[in-house]
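>>> Quick one: sequence and predicted model below, then my questions.
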Amino acid sequence: MSLGLSNTYPQAGVTRSPVLHDGQVSDKPKLKRSSRRYDSYMHSPDIVLPLERPFAEFPVGSADAKEVLLSGLRWPTEYWVELALRWVEQGAPVDADAAAALQEIPTKQFSQRVRQRAQVAAKRWNSEV
């Protein structure tokens, strides 16, 4: 049975789901899900994109490294926080601001693995100070 509705808006990348769970017809568009990598890239500002590469590839002594690291540690999604933790584990310098951000991570709703990695990094910084 055709409802005569177009199921796709190709120019906007939107699909329609014309039949709801209760059998009613909906005319509301529904966004397509795309790959995680595409979503991460398209919905993140440029400041955290360097986290996708190893810390060793970032320019040595760059003041921007601190901004990138802090942004990643304070990001609301686990993907960027985990990449920022990887930078810390690879030797990115941790100062008082970064240590404070590391100590805030265990209070957020991230996976246990990420929270524990943040706790270890914060304890390591506290022991060095």
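Yes, it's here.

>>> Please enumerate the helices of this structure.
Chain-ordered helices for the chain, with DSSP state H as the definition, fall at 36-42, 64-73, 78-89, 96-104, 112-128.

>>> List the buried residues in the second one.
To tie it back to what came earlier, the one meant is helix 64-73. Applying a neighbour-count criterion of 16 or more other Cβ atoms under 10 Å, one finds 65, 68-73 buried in helix 64-73. From N, CA and C alone the C-beta is placed, and that goes for glycine too.

>>> right, and Leu69 touches Ala92 too?
Yes. Here Leu69 lies in contact with Ala92, judged by Cβ atoms under 8 Å, at a distance of 5.4 Å.

>>> Now the common contact residues for the two.
The contact sets of Leu69 and Ala92 overlap at Ala98 (Cβ atoms under 8 Å, 6 or more residues apart in numbering).

>>> Tell me where the model's unsure across the protein.
When the per-residue scores of the chain are filtered using pLDDT under 70, the ranges that remain are 1-44, 61, 63, 129.

>>> And it, what are its domain boundaries?
The record's domain parsing of the chain by automatic domain parsing lists 1-32, 36-128.

>>> Could you count how many residues lie near the nearest residue to Ser71 once chain neighbours are set aside?
Leaving aside its sequence neighbours, Ser71 sits nearest to Ile47 (Cβ to Cβ, 6 or more residues apart in numbering; 4.7 Å). Neighbours of Ile47 under the rule other Cβ atoms under 10 Å: 15.
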